[in-house]
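Participant: just need the structure, nothing else, for what follows:
(one chain, ligands or ions: 1)
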Amino acid sequence: MSNWRFNLTPIDVPKVETKYRKITTKLPVPESLEILETLDHFEAKTMLGQMPVVWDRAEGFQVHDAWGNTWIDFTSTIFVANAGHGNPKIVNALREQLDKPLLHTYNFASKIRADYLRYLIESTPPQFEKACLFVAGTEATEAALRLMRMHGWKIGKKQPGVIAFEGCFHGETLGARMMSYNPKAKEWIGYHDPHIYHLPFPYPWRMDAIADPRAYFRSGMSKLIKQNQLNPKEDLCGFILETYQGWGAAFYPEEFVHELMDFAHENGMLVAFDEMQSGFGRTGKLFGYMHYGVEPDLLCCGKGASSSMPLSMILGKQEILDLPEFGEMYSTHSANPLACAAGLANLHELMEGGLLENSRLLGDLFHSRLNLIKNHFPEQIRCVLGKGLVAAVHFVDQDGRPLVDLCNRICLEAMRRGLLVVHTGRESIKLAPPLCINEEALMEGLDALEQAIAECIGK
Ligand SMILES: Cc1ncc(COP(=O)(O)O)c(C=O)c1O
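Facilitator: Purely as a prediction, here's the structure:
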């Protein structure tokens, strides 16, 4: 995130009244300022970078405030509400737990946890034999770091090397932060784990990466090995990669991932995919890694796992998941019964309720239309990346310089037109509607986006 702060002065905006959007007040809504200012006063600054909309209700693919405004949501909060906001099956599943009541069990057993884990493991590919449930995504990526290293020690590695990627993000806790790239965001730590390394990312605008992805991987690896005097068989335990790089929805070239998997297998390393954003149907498949045709050893998930309650997890083979002893790898709120109930209903909706199919089919229309939009603004939009119902529109000038301020303004303009998009604080605008959206609303949202872009560019 940048230091950008959205202005809290209400201004007159044109009224909007369509089938799916309604804007009838000044924005921000004058009556909402009391809430926004209370948060300003009592809450840490880190939470205050969002557009000034006060959510009152959210259902399906729409968000409503308490003053009569309705937005089409292209954020799914932040890749969470995959099965739709307030999905009735999830609400009912939560209600059943509330009515029992069974609100917390720590690590005592509960039927809902057993039901969820069985369904989760049976619905995922066979290499995922067990899962460990957590609360935040960062706990799942921390667990990957730990399990890759524990596995490395077990098979006789001499150093705990783990390789992540330039530009990546894996969470805010210490290990996850160190695996994340942004050097500025980890200055506070004061030192860097000398056994965490970063490889160059094969961005689509790097011609050498696209021309020969396998060679690009190999050359990055050789440099890393040489610079750090590593023997991969002894010193490297694993790779962690976001299925697509978060801020820009940039997937790796398929051959790059195959080369990485081959390297890992030759050198006794594990491969963990961070599926926080790409998991649970977002890209048109249950998990985004499935687009690459590979089998990761570990899968870190969160966000869309429940479409609601805090729920994250790591999945993998029994021999890896069982490396920590009893009580060594969980937290107080792991496997909360409400989270398990939401997770079970959510997965059921994705698998049986046609949402994966919707994500795939509408995803094609979504990307075709976004590419048309890109063609209307060739001087500002470099590319549209993503798959299924996630996209990032990249704004750079003719010399490749990031147009961050333009993105900030487009987010605000879209909000004024009744569309919420993901504000990245960078040169990308991310779009991720709930997977239950229909074609008409999707296209209406894209019309609003195009108008917002045109308004900000002055076309
Ligand atoms: C790719 C990725 N990994 C990990 C995380 C951390 O998840 P959480 O914020 O739930 O800790 C995020 C959150 O944005 C993410 O996008």
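Participant: ok, now which ones touch the nearest residue to residue 440 once chain neighbours are set aside?
Facilitator: Spatially, and ignoring its direct neighbours in sequence, residue 440 is nearest to residue 19 (7.1 Å; CB to CB, 6 or more residues apart in numbering). Every residue, glycine included, has its C-beta placed from N, CA and C. Shown in contact with residue 19 (CB atoms under 8 Å, 6 or more residues apart in numbering): 440, 441, 444.
Participant: out of the residues you listed, which end up buried?
Facilitator: 441, 444 (16 or more other CB atoms under 10 Å).
Participant: okay, now the unreliable bits of the chain?
Facilitator: Under the criterion pLDDT under 70, the flagged ranges of the chain are 1-4.
Participant: cutoff 90 now
Facilitator: Scanning the chain for pLDDT under 90 picks out 1-7, 49, 335, 459.
Participant: residue of the stretch 101-250 of the chain nearest the ligand, please.
Facilitator: residue 137 (2.4 Å; CB to the nearest ligand atom).
Participant: scratch that, the stretch 301-450 of the chain
Facilitator: Closest point on the stretch 301-450 of the chain to the ligand, by CB to the nearest ligand atom, is residue 302, at 4.6 Å.
Participant: residue 11 against residue 25, yeah?
Facilitator: No. Counting by CB atoms under 8 Å, residue 25 is not a contact partner of residue 11; they are 10.7 Å apart.
Participant: comparing these two, which shows the higher neighbour count?
Facilitator: Set side by side, residue 11 and residue 25 show more neighbours around residue 25, with 18 against 9, by other CB atoms under 10 Å.
Participant: hang on, isn't the more buried one packed against residue 54?
Facilitator: No. With contacts counted by CB under 8 Å, residue 25 stays clear of residue 54, the gap being 11.4 Å.
Participant: could you tell me which residues of the stretch 201-350 of the chain lie near the ligand?
Facilitator: For the stretch 201-350 of the chain, the residues in contact with the ligand (CB under 6 Å from any ligand atom) are 242, 246, 274, 276, 277, 302, 312.
Participant: who does the third one bridge with?
Facilitator: What that stands for is residue 274. residue 242, residue 300 (DSSP bridges).
Participant: list the contacts of it.
Facilitator: Neighbours of residue 274 in contact, by CB under 8 Å, 6+ apart: 140, 141, 144, 168, 170, 240, 241, 242, 243, 300.
Participant: tell me, how many neighbours does the residue nearest to residue 52 when sequence neighbours are not counted end up with?
Facilitator: With CB to CB, 6+ apart as the criterion, residue 52 has its nearest non-adjacent residue at 3.8 Å, and that residue is residue 28. Counted with other CB under 10 Å, residues neighbouring residue 28 total 22.
Participant: and the gap between residue 28 and the ligand?
Facilitator: Applying CB to the nearest ligand atom, to the nearest Å, the value for residue 28 to the ligand is 25 Å.
Participant: ok, now which ones touch that residue?
Facilitator: Residue 28 neighbours (CB under 8 Å, 6+ apart): 8, 9, 10, 36, 52, 53, 54.
Participant: whichever of these end up buried, select them in PyMOL.
Facilitator: Typed into PyMOL, the line below selects the buried ones among the contacts of residue 28, using 16+ other CB under 10 Å:
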select buried, resi 10+36+52+53+54
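Participant: tell me if I'm right that the residue of the stretch 101-250 of the chain closest to the ligand and residue 299 touch.
Facilitator: No. If you go by CB under 8 Å, residue 137 and residue 299 don't touch, sitting 12.0 Å apart.
Participant: which one of the two is surrounded by more residues?
Facilitator: Applying other CB under 10 Å to residue 137 and residue 299 shows that residue 137 carries more neighbours, namely 29 against 25.
Participant: not counting its neighbours along the chain, what's nearest the more buried one?
Facilitator: residue 302 (3.3 Å).
Participant: can you name the residues that contact the one you found?
Facilitator: Going by CB under 8 Å, 6+ apart, residue 302 touches 134, 136, 137, 140, 276, 279, 311, 312, 313.
Participant: contacting residues around the fourth one?
Facilitator: Right, residue 140. Contacts for residue 140 were tallied using CB under 8 Å, 6+ apart; they are 134, 274, 276, 300, 301, 302, 312, 313, 314.
Participant: state the pair within these that is farthest apart.
Facilitator: 134 and 274 (13.5 Å; CB to CB).
Participant: residue of the stretch 201-350 of the chain nearest the ligand, please.
Facilitator: As assessed by CB to the nearest ligand atom, the ligand sits closest to residue 276 within the stretch 201-350 of the chain, at 3.6 Å.
Participant: measure that residue to residue 313 for me?
Facilitator: Per CB to CB, to the nearest Å, residue 276 is found 11 Å from residue 313.
Participant: next up, the contacts around residue 205.
Facilitator: 382, 383, 400.
Participant: of these, which ones also sit close to the ligand?
Facilitator: Filtering the contacts of residue 205 for neighbours of the ligand using CB under 6 Å from any ligand atom leaves an empty set.
Participant: narrow the residues you listed to just the buried residues.
Facilitator: 382, 383.
Participant: what touches both of residue 276 and residue 313?
Facilitator: In contact with both residue 276 and residue 313: 140, 300, 301, 302, using CB under 8 Å, 6+ apart.
Participant: so what's the second one up against?
Facilitator: Looking back up the chat, that one is residue 300. 137, 140-141, 143-144, 170, 240, 272-276, 312-314.
Participant: now residue 47
Facilitator: So residue 47 contacts residue 39 (CB under 8 Å, 6+ apart).
Participant: pull the distance from the lengthiest helix in the chain to the chain's centre.
Facilitator: Of all the segments of type helix in the chain, defined by DSSP state H, the longest one is helix 355-376. From the chain centre to the centre of helix 355-376 is a distance of 18 Å (CA atoms, centre = their mean, to the nearest Å).
Participant: cool, and stretch 243-253?
Facilitator: Relative to the centre of its chain, stretch 243-253 is centred 10 Å away, using CA atoms, centre = their mean.
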